[in-house]
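*Asks:* quick one: sequence plus predicted model below, questions after.
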Number of protein chains: 2
Amino acid sequence: MRALERADIPILLLSGGVDGGGKGEVVNLLLEWMDPRHIQVRAMGVPTDEERERPPMWRFWRALPPRGKTGVFFGSWYTAPIVDRVYGRTRGAELTRALAEITRFERMLVDEGALLVKVWMHLSKKAQGKRFRELESDPKTAWRVTREDWANQARYDRFREVSERALRDTNTAEAPWTVVEATDRRYRNLTVGHTLLTAMNKRLERRRTPTVRAAPPPPPPIDARNVLVDLDLTRSLTDAQYAKKLPRAQGRLNAASRHKRFHDGRACVVVFEGNDAAGKGGAIRRVTRALDARSYDVVPVAAPTEEERAQPYLWRFWRSLPRHGRFTIFDRSWYGRVLVERVEGFAAEPDWMRAYREIVDFEESMARAGIVVVKFWLAISSAEQLARFKLREKTPFKRFKITEEDWRNRDKWSAYERAVCDMVDRTSTDVAPWHLVEANDKRWARVKIVETLADALEKAL
Amino acid sequence: MRALERADIPILLLSGGVDGGGKGEVVNLLLEWMDPRHIQVRAMGVPTDEERERPPMWRFWRALPPRGKTGVFFGSWYTAPIVDRVYGRTRGAELTRALAEITRFERMLVDEGALLVKVWMHLSKKAQGKRFRELESDPKTAWRVTREDWANQARYDRFREVSERALRDTNTAEAPWTVVEATDRRYRNLTVGHTLLTAMNKRLERRRTPTVRAAPPPPPPIDARNVLVDLDLTRSLTDAQYAKKLPRAQGRLNAASRHKRFHDGRACVVVFEGNDAAGKGGAIRRVTRALDARSYDVVPVAAPTEEERAQPYLWRFWRSLPRHGRFTIFDRSWYGRVLVERVEGFAAEPDWMRAYREIVDFEESMARAGIVVVKFWLAISSAEQLARFKLREKTPFKRFKITEEDWRNRDKWSAYERAVCDMVDRTSTDVAPWHLVEANDKRWARVKIVETLADALEKAL
């Protein structure tokens, strides 16, 4: 316990299984053995309204324990997929998708250093009925058996079938299930305690022996085609065209943002990435001017805070997701992992390689929850960047915008270019495609951005 | 702007006033002038259910901008007190209390380094009616006038009366109101911009000139009586008494925690403070064993994180307040300010002096929101502490619990004792009294704690 804490490993214990199997009793027992001050028990009951307005995984992300703490989940990411399938609210294909998503999510947690222990309490139908009747006969525990429990009991076989499927699909090497026969209380408690202890020891041992990292996946088959080279950076607008087109696009965007359907279950996430000095700030201001000040947040992405560093990489972005009817505009984003962190070597290759898949999952979760995801890459030519850097150095009130680092990044122009092409290649999905914006001419870029955003929203409404 | 950011000053702009006065337009305009990436607009509309289950100020605390950012509040802590009074949902005395609380809250923000700018848009009744009709006649803006707006217009005079009262009571030196005549849009916009700019410049100037701190309040009239000396530390229980009394008290606590009324609008905050080695950890475990693992969080209070350091002192405790039907158990607490920070000189005297009042306000807000606040001071004698330290050094698995710092703290025994007596004296209120626990005998202490907690809950239900 304490060793794991010092090793800064977050422990996640998922306690699942049949109603009446004693999920609660087991956790109460664990809390007696361990120090409750380092354990965060997460009872994931009915979602709150703030949670309902976000993708289903949002509440689990916000409940993740930071490194060095233990999180015990009652009711986990398995509950909704299983219950929904049992009651026929979802189809088999959706269950398959949900389980695949869970597998990748758990994989990510383990890759980020967590120890994941999953125990499943099993009771036969007969034993479950007996347990319920026992609990009901004692006035002190009768409250624990609800009408819902009996309704679930009536569907015992269906629950068993769906749960078995879920366990089979998610019983991975990095996060295996331990099924615990829960009829005998003492046996059950011992088994759970033992499972947890073994997992903890194994994890610590692994740290002591030199870590043999799984061989990284083969390097990406780099597309010979450089999408950036294909851009026509000479595209531009005259002042007159700009003065006409920008307000029109902003009007459309404004109308879409006030649409009833946008407020009833939609939201929007806008990602701005681009070369240094490509004009992200100015473009963001043209977008926000079309919106009501009360309806958006702009999140400038800089170095993560201490609390963010104690969590998986994507945690800081999950926490900023918008509620219904709102915009979150990211000035730089989770793509830093496959851009600056890759190029500068801040992230190891296996880490940025897996980020592509994690990011696609992240954006798909948003899209499924009704969030319109719009991503812009603002591209300027190397010559244009040089000209802008020089201009900034000469303009007193813009000088703060240019640093040594900007000059250093220029030296790595082609490494960045390659990273951008890989990123566009691997993370342009149907639900969240990249929009490449020719940004040598600021007017062209701004109009294209506001128009693209208006298009995307109108299409979604 | 940028200078304030570098100076790490959080700016709070409250934009209040008459409906139709253009609160929104003004903020949109400010966002055009300033960089939206450093501004967090907080539209405090209808509270979410997570917010409704906490004290009314919780949602404002969670929306405070960190140092270096600007927070613009639409709808602020003034809205509810004024509207509730106008519609007769509260009495005059409650308004007075709410305004006094607001004054102290704003005082605290300023003491913590924030710049608070409050503007109030004023419109005559006639001008307001005209504005509403104008907005309604344009299809693009008609949606902005609601039935509620017209209902409020009918109560214009009452609104004016209550608002004037609120402005008068909260027009303090550290956070004055600027009333803006809003009939003429251009005049209004200029005035708001000018007000903000002047306030910002003044604030920066104050930083440049050596800060003349207001003279600290006179030192506390130390009560000659030492409450700790009066404790009878020889109190103890036999094993047999303990084995009988503890489960009985835990049973009462458990029953109270499952009470319907506790889940419908009550919650509980337990604070554990005490001498080093007084047995806080063991006592907490005796409490948690009586509770369902899903119903409580234990918050060990150590050094604040980076995000917490960028906020007022009490922010980190506000964020942990429990929802209905739940317990938050603090292992050390906000009292660190008037204990370790005072004794070690981490906080300046004016800062820990004002903390007494801030803490009393904090606990009263909790109590008014239905949170039962129970505070324990675990007292042991100097000799008992020495014996426990020595024992810990000898016991391998307890050795980690004792550090150099513990020995150093012992040298300051009398300074700590004085700080504790002042604390008990100044923060024992009707709604949140201190319970001094004779802890030389662990059995006695644990039983007393669980019994006291059960008493407090039973009384509240």
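*Replies:* Thanks, I have it. Since the model is a prediction, treat every value here as computed from it, not as a measurement.

*Asks:* can you list the domain ranges for chain A.
*Replies:* Listed domain ranges for chain A are A:2-208, A:239-460 (source: automatic domain parsing).

*Asks:* any idea how far the longest one is from the middle of the chain?
*Replies:* A distance of 17 Å separates the C-alpha centroid of domain A:239-460 from that of its chain, computed with C-alpha atoms, centre = their mean, to the nearest Å.

*Asks:* quickly list what the closest residue to chain B within the stretch 51-200 of chain A is bridged to.
*Replies:* As assessed by C-beta to the nearest C-beta, chain B sits closest to A:Phe74 within the stretch 51-200 of chain A, at 5.9 Å. For the C-beta atoms, the positions are set from N, CA and C on the backbone; glycine is no exception. Using DSSP bridges, the bridge partners assigned to A:Phe74 are A:Ser15, A:Ala43.

*Asks:* let's have the domains of chain A in TSV, adding mean neighbour count.
*Replies:* Shown next, in TSV, are the domains of chain A (neighbours: other C-beta atoms under 10 Å in any protein chain shown):
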stretch	mean neighbour count
domain A:2-208	17
domain A:239-460	18
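
*Asks:* worst mean pLDDT among those?
*Replies:* When these are ranked by mean pLDDT, domain A:2-208 comes last with a mean of 88.

*Asks:* and the nearest residue to A:Ala347 once chain neighbours are set aside, helix, strand or coil?
*Replies:* With C-beta to C-beta, 6 or more residues apart in numbering or on different chains as the criterion, A:Ala347 has its nearest non-adjacent residue at 3.9 Å, and that residue is A:Glu341. What DSSP: H, G, I helix; E, B strand; the rest coil gives for A:Glu341 is helix.

*Asks:* the stretch 1-150 of chain A: strands as residue ranges?
*Replies:* A:11-17, A:39-43, A:70-74, A:115-122 (DSSP state E, counting those that start in this stretch).

*Asks:* hmm, back to that, who's in contact with the residue of the stretch 51-200 of chain A closest to chain B?
*Replies:* A:Ser15, A:Lys23, A:Gly24, A:Val27, A:Val41, A:Arg42, A:Ala43, A:Met44, B:Ala293, B:Arg294 (C-beta atoms under 8 Å, 6 or more residues apart in numbering or on different chains).

*Asks:* A:Leu436: which of the residues you listed is nearest?
*Replies:* Set against A:Leu436, the nearest of those by C-beta to C-beta is A:Met44 (40.2 Å).

*Asks:* OK, contacts around the spatially most central residue of chain A?
*Replies:* For chain A, the residue nearest the mean C-alpha position is A:Phe362 (4.4 Å; C-alpha atoms, centre = their mean). By C-beta under 8 Å, 6+ apart, the contact set of A:Phe362 is A:Leu314, A:Phe317, A:Trp318, A:Trp334.

*Asks:* can you tell me which of the residues you listed end up in helices?
*Replies:* A:Phe317, A:Trp318 (DSSP state H).

*Asks:* closest to B:Arg97 among the contacts of A:Phe362?
*Replies:* Out of the contacts of A:Phe362, the member with the shortest distance to B:Arg97 (by C-beta to C-beta) is A:Trp318, at 39.5 Å.

*Asks:* chain B contacts on chain A?
*Replies:* Residues of chain A lying close to chain B by C-beta under 8 Å from any C-beta of the partner chain are A:2, A:24, A:27-28, A:31-32, A:35-41, A:43, A:48-50, A:72, A:74, A:143, A:258, A:281, A:284-285, A:288-289, A:292-298, A:300, A:305-307, A:331, A:400.

*Asks:* one step back: columns distance to A:Leu135 on top of the strands of the stretch 1-150 of chain A, output as TSV?
*Replies:* Formatted as TSV, the strands of the stretch 1-150 of chain A follow (distance: least, C-beta to C-beta, whole Å):
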stretch	distance to A:Leu135
strand A:11-17	16
strand A:39-43	18
strand A:70-74	17
strand A:115-122	15
